[in-house]
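Student: Provided below are the primary sequence and the corresponding predicted coordinates.
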Amino acid sequence: MTPDDAAARRAVKPVICYPTQTLPQPDMALYTAARQGLTTVDQVIVPPRDAASFHVPAGHFFRITSIEGPQVGDLNLWNFNDLSERFYSGKTRALHGTHLTTGHRMWSCLPYLRPMATITHDTLGWYGTDEHGGRVHDVIGTRCDPYTHNLLAGGQYHQCCHSNLTRELAGARGMALEVAEGHVHDVLNVFMCTGFTRDTGQYFMKASPVRPGGHIEFFAEINLLGVLSACPGGDCSSEHSSDAAPCYPLEVTVLRPEENALSGWSAPQINGYDRTHGV
Ligand SMILES: [Zn+2]
């Protein structure tokens, strides 16, 4: 039964869960100046329907570029020195919103909760919100995985982003697959265009607006291990857990700023909560 005061209850104004006025802000002017003098120190090609790993020292930049055709990438980040500190998609979403762009940060999990990376450039920054409510670079989706695929369609598909990330991490760190799988986490969906349908609130995707040359660039706030999967969904215009979609490689470059370009900058400390939890 709809209550008599339903309209009044629905009319209550929303409040922002996490007002960000007190959130430590990145020094974008410093980063903007530093990115003028970058030297490429590493370059990795992520093959289609596979993943590749890369190391970004704190104070370096990294850039993910579309090189042959529209392609979505699923990004995992860890503290290079301690894999227990990893990207926290849910809290990043709560702080910045459902999609990320320049000035937003990728936050690490509890109990660390500090910026791991800051987005310093986004060639899709112009996209905004389309007529369907779609936006780019989401922290809504989890990653395509063979378990959900098995649940919904049956079968054994091995090139989902979850498996690509697991294989690559296992190889990069000499870990057993089961151990590596436990470290794989919810991603930043690079170049992916997504939203929620207005009628049913369901997660939707549509063809990525990225084109070859398009890129997103990050500043590494801490020493980072990154693994990027080139999603089997390609541009994610149709399906994402099969070999049906055209898929393209992605390029990752690691870039070093000039010496003294970051004077005044220091890596963020881990979160200040004392972890006594009221005991
Ligand atoms: Zn995927």
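Tutor: Noted; the coordinates are in hand. For clarity, every value in this text was computed on a predicted model and none was experimentally measured.

Student: for P19, give me the pLDDT.
Tutor: P19 is assigned 88 on the pLDDT scale.

Student: what's the distance between it and H96?
Tutor: P19 is 12 Å from H96, where distance means C-beta to C-beta, to the nearest Å. For glycine as for every other residue, the C-beta is placed from the backbone atoms N, C-alpha and C.

Student: okay, those two: which has more neighbours?
Tutor: The neighbour comparison of P19 against H96 (other C-beta atoms under 10 Å) goes to H96, with 20 against 8.

Student: which stretches of the stretch 101-250 of the chain have low pLDDT?
Tutor: Judged against pLDDT under 70, the stretch 101-250 of the chain has no low-scoring part.

Student: how about 80 then?
Tutor: 239-242 (pLDDT under 80).

Student: please enumerate the helices of it.
Tutor: Ranges of helices in the stretch 101-250 of the chain, per DSSP state H, counting those that start in this stretch, are 146-153, 161-173, 177-183.

Student: please name the residues that touch the residue nearest to H137 when sequence neighbours are not counted.
Tutor: Counting by C-beta to C-beta, 6 or more residues apart in numbering, H137 lies nearest to L100, which is 4.8 Å off, once chain neighbours are set aside. The contact partners of L100, by C-beta atoms under 8 Å, 6 or more residues apart in numbering, come to 92, 106, 119, 137-139, 188.

Student: out of the helices of the stretch 101-250 of the chain, which gets nearest to V46?
Tutor: When the helices of the stretch 101-250 of the chain are compared for distance to V46 using C-beta to C-beta, the nearest one is helix 161-173, at 8.9 Å.

Student: elements contacting the closest one?
Tutor: Here helix 161-173 touches strand 51-56, strand 73-79, helix 146-153, helix 177-183, strand 224-230, going by 3 or more C-beta pairs under 8 Å, 6 or more residues apart in numbering; DSSP states H and E.

Student: can you give me the neighbour number for the residue in the stretch 1-150 of the chain that the ion sits nearest to?
Tutor: Taking C-beta to the ion, the ion has its nearest neighbour within the stretch 1-150 of the chain at C144, 3.4 Å off. Counted with other C-beta under 10 Å, the neighbours of C144 add up to 27.

Student: what sits against it?
Tutor: Per C-beta under 8 Å, 6+ apart, neighbours of C144: 74, 160-162, 231-233, 240-241.

Student: quick one: closest of the helices and strands packed on helix 161-173 to T2.
Tutor: Of those, nearest to T2 by C-beta to C-beta is helix 146-153, at 33.5 Å.

Student: so how far is the first residue of stretch 93-107 from its last?
Tutor: Taking C-alpha to C-alpha, to the nearest Å, stretch 93-107 runs 9 Å from one end to the other.

Student: nearest to V46, of the contacts of L100?
Tutor: Of the contacts of L100, the one sitting nearest to V46 (C-beta to C-beta) turns out to be L188, at 14.2 Å.

Student: excluding chain neighbours, give the residue nearest to the closest one in space.
Tutor: Nearest non-adjacent residue to L188 (C-beta to C-beta, 6+ apart): L75, at 4.5 Å.

Student: beta-bridge partners for the one you found, please?
Tutor: Counting by DSSP bridges, L75 forms beta bridges with L188, L228.

Student: over to D138?
Tutor: H99, N189.

Student: rewinding a little: as a markdown table, the helices of the stretch 101-250 of the chain with distance to the ion and mean neighbour count would be great.
Tutor: Below are these laid out as a markdown table (distance: least, C-beta to the ion, whole Å; neighbours: other C-beta atoms under 10 Å):
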| stretch | distance to the ion | mean neighbour count |
| --- | --- | --- |
| helix 146-153 | 10 | 13 |
| helix 161-173 | 3 | 22 |
| helix 177-183 | 15 | 15 |
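
Student: in JSON lines, list these along with distance to L225.
Tutor: Conversion of the helices of the stretch 101-250 of the chain to JSON lines gives the following (distance: least, C-beta to C-beta, whole Å):
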{"stretch": "helix 146-153", "distance to L225": "23"}
{"stretch": "helix 161-173", "distance to L225": "7"}
{"stretch": "helix 177-183", "distance to L225": "10"}
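
Student: out of the ones you listed, nearest to S208?
Tutor: Closest to S208 of the helices of the stretch 101-250 of the chain is helix 161-173 (C-beta to C-beta; 14.4 Å).
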